[in-house]
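Engineer: Dropping a prediction and its sequence here:
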Amino acid sequence: MDEVRFCENNFQYDIEDITGRIEKEFEDVKVEVESCLGHCDICAEGPFALVNEEVIQADNAEDLYEKIKDSLGF
């Protein structure tokens, strides 16, 4: 099962909506929100997520969503 992990501190970049979209659209993908993922330097720069432990970064929330979809093969 694929896994997408988000840092709750990164929600300042309006990525909260992405978590719900991924859960609804991709039932076979596990979505987790954690208090810290240990990537504080990346988190301070902009939206990011860990997709199967790979760091995915983007300029904004919608771009992050698209990059996550691509990384998952959708």
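Structural biologist: Looks like it came in fine.
Engineer: burial measure for G20, as a count.
Structural biologist: 10 (other CB atoms under 10 Å). C-betas here are computed from N, CA, C, even on glycine.
Engineer: Mind telling me what element it is part of?
Structural biologist: Here G20 is covered by helix 16-25, with elements defined by DSSP states H and E.
Engineer: May I have the phi/psi pair for the residue nearest to the spatial centre of the chain?
Structural biologist: For the chain, the residue nearest the mean C-alpha position is A49 (3.2 Å; CA atoms, centre = their mean). A49 has phi and psi values of phi -150, psi 160 when expressed as degrees, to the nearest 10.
Engineer: Residues touching the helix holding G20, excluding its own?
Structural biologist: Outside helix 16-25, the residues that touch it by CB atoms under 8 Å, 6 or more residues apart in numbering are V4, F6, V29, V31, V33, A49, A61, L64, Y65, I68.
Engineer: Could you identify the most distant pair in those residues?
Structural biologist: Using CB to CB, those span at most 17.2 Å, a distance reached by V29 and A61.
Engineer: ok now do the residue nearest to A58 when sequence neighbours are not counted, which residues does it touch?
Structural biologist: Distances taken as CB to CB, 6 or more residues apart in numbering put L64 closest to A58, at 3.8 Å, once the chain neighbours are dropped. For L64, the contact set (CB under 8 Å, 6+ apart) comprises I15, I18, P47, F48, A49, I56, Q57, A58.
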